[in-house]
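Engineer: The amino acid sequence is not available; the structure is as follows:
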DNA sequence: GCGCCGCAATTCGTATCACTATTAAAGAAC
DNA sequence: GTTCTTTAATAGTGATACGAATTGCGGCGC
């Protein structure tokens, strides 16, 4: 959720270079040389190379002798890399990234809710109901920050309970979208009563093992979010 | 689609080490040292470090002074990393990985088809119909290999036409799933007539700008696949 | 003009050394 | 004895230097 580990030098180089490339500040085909990176960031070749390796593994650049380090076209990037997602959310592509991630949520979360209703273990289902009860309490109290935290917990848990590791792997992404939405003021300052009710329905349907109900309720939640985003143009 | 670039040494180390870790051959918490990796693969420290950096960026391991390079628990891995997906498809977790990816497809592709019907540019819609016609022809001729290729093209194009970069980013994954399904003999040796008809419906609905129809037809396709996979236990 | 060849730019790979962070154990204080 | 402090060992981190390999480009020969 928070920024990457800045203990190592190559991570600091990445933290500067990655967002710049992710923001499209360099046209596809733009060439760096290791030497330039060394000078620009005041680091040794070892560090510059390590940073380039990571960028290369995300398919942001490729690196060949005699040619240098070249920026690849956007459509070759590994857009699911959480680090890349974070970089893009931090930059000028923010709303664009938020939009595509929200559509992804809209596709996945209903299926995840259905799977959770089918497969989640007993004890954990109760946990979902508990989180929802806490949401109702903080929602009424108007504590937005605490509410966001619980909201994230709720969606994370649904994804994890789906028993599908790919769905579970999206929980970080969903957390960033929810947090980003609030940070960017795309959220009402009081949680909408209907959204709260829908969360309660999801929790209850998962608890009672009703996949179709859980799916429909979750779909209502995410569709509302997609619509709200579309209204912004 | 094919295996990673073996031109560089660190990629060769990755190609050996990555699949082993991905297959769970080392328990979470297992410790490597750089020195051991150097010896084991007969490479210099620089190369060993670069390989570790990439593994670290996928959250397969983390590396700290005095401690070595430790394997992280599975639920922290970046499961959407295409390279990791490939490693797992190659190993003993193959069916498990195929199953979770298929559920992901089932969630995403119907939404992608709807989005394509809404937003795809004119010329490209026709392209989809053309691919479908070719599918019908090779399907009738019984050329399984050519059919698989067209099937992959079809689903890739739908994902791309959705106009959502995240959906488009899954096209490599979908290609691997389709190819893996055939390679693993989870496919009938003649394409099922109903599946073919459904693809035709998707193409026509996208061409005619009918999101709901495209979504329903695509959902029928992927649900059938999920069911077939579940029957195998 | 066309193909071949060699130059030069750059990454790739190796080797080595000093530095730093981390941990655990030894030792000192109470 | 218990707890706090110091110290020492260990491994990753970062810097530097150099030779090898690769390949785009320009020039040379025909």
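Structural biologist: Arrived safely, thanks for sending. All figures in this text were calculated on a predicted structure; none of them were measured in a lab. Numbering: from 1, shown residues only, chains lettered A, B, ... in the order given.

Engineer: Residues touching stretch A:63-81, excluding its own?
Structural biologist: Residues outside stretch A:63-81 that contact it (C-beta atoms under 8 Å, 6 or more residues apart in numbering or on different chains) are A:21, A:24, A:26-34, A:37, A:52, A:55-56, A:58-62, A:84-85, B:78, B:80-82, B:165-166, B:168-170. (Each C-beta comes from the backbone N, C-alpha and C, glycine too.)

Engineer: same deal with stretch A:46-59?
Structural biologist: A:9-10, A:13-14, A:17-18, A:21, A:34, A:37-38, A:41, A:61-63, A:69, A:72, A:76-78, A:81, A:83-84, B:10, B:46, B:49-50, B:53-54, B:57-58, B:83.

Engineer: Could I get the phi/psi values of the closest residue to residue A:33 other than its chain neighbours?
Structural biologist: Ranked by C-beta to C-beta, 6 or more residues apart in numbering or on different chains and with sequence neighbours excluded, the top spatial neighbour of residue A:33 is residue A:68, at 4.7 Å. Dihedral pair for residue A:68: phi 100, psi -160, per degrees, to the nearest 10.

Engineer: do the same with residue A:67
Structural biologist: Dihedral angles (degrees, to the nearest 10) for residue A:67: phi -120, psi -30.

Engineer: now stretch A:90-103, how far from the centre of its chain.
Structural biologist: Centroid displacement of stretch A:90-103 relative to its chain, using C-alpha atoms, centre = their mean, to the nearest Å, is 10 Å.

Engineer: do it and chain B meet at all?
Structural biologist: Yes: applying C-beta under 8 Å from any C-beta of the partner chain, one finds stretch A:90-103 touching chain B at A:100-101, A:103.

Engineer: of these, list those near DNA strand C.
Structural biologist: Subset of these in contact with DNA strand C: empty, counting by C-beta under 7 Å from any atom of the strand.

Engineer: In helices, which of those fall?
Structural biologist: Taking DSSP state H as the definition of helices, the residues of stretch A:90-103 next to chain B contribute A:100-101, A:103.

Engineer: a markdown table for these, including pLDDT?
Structural biologist: Formatted as a markdown table, those follow (pLDDT from 0 to 100):
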| residue | pLDDT |
| --- | --- |
| A:100 | 95 |
| A:101 | 95 |
| A:103 | 96 |
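
Engineer: Up against DNA strand D, what does chain A have?
Structural biologist: So far as C-beta under 7 Å from any atom of the strand goes, chain A lies against DNA strand D at A:8-10, A:42-47, A:50, A:64-67.

Engineer: Please, a PyMOL command that selects the buried ones among these?
Structural biologist: In PyMOL, a selection of the buried entries from those looks like this (16 or more other C-beta atoms under 10 Å in any protein chain shown):
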select buried, chain A and resi 8+9+10+43+47+50
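
Engineer: any idea which of the residues of chain A next to DNA strand D is closest to chain B?
Structural biologist: residue A:50 (4.9 Å; C-beta to the nearest C-beta).
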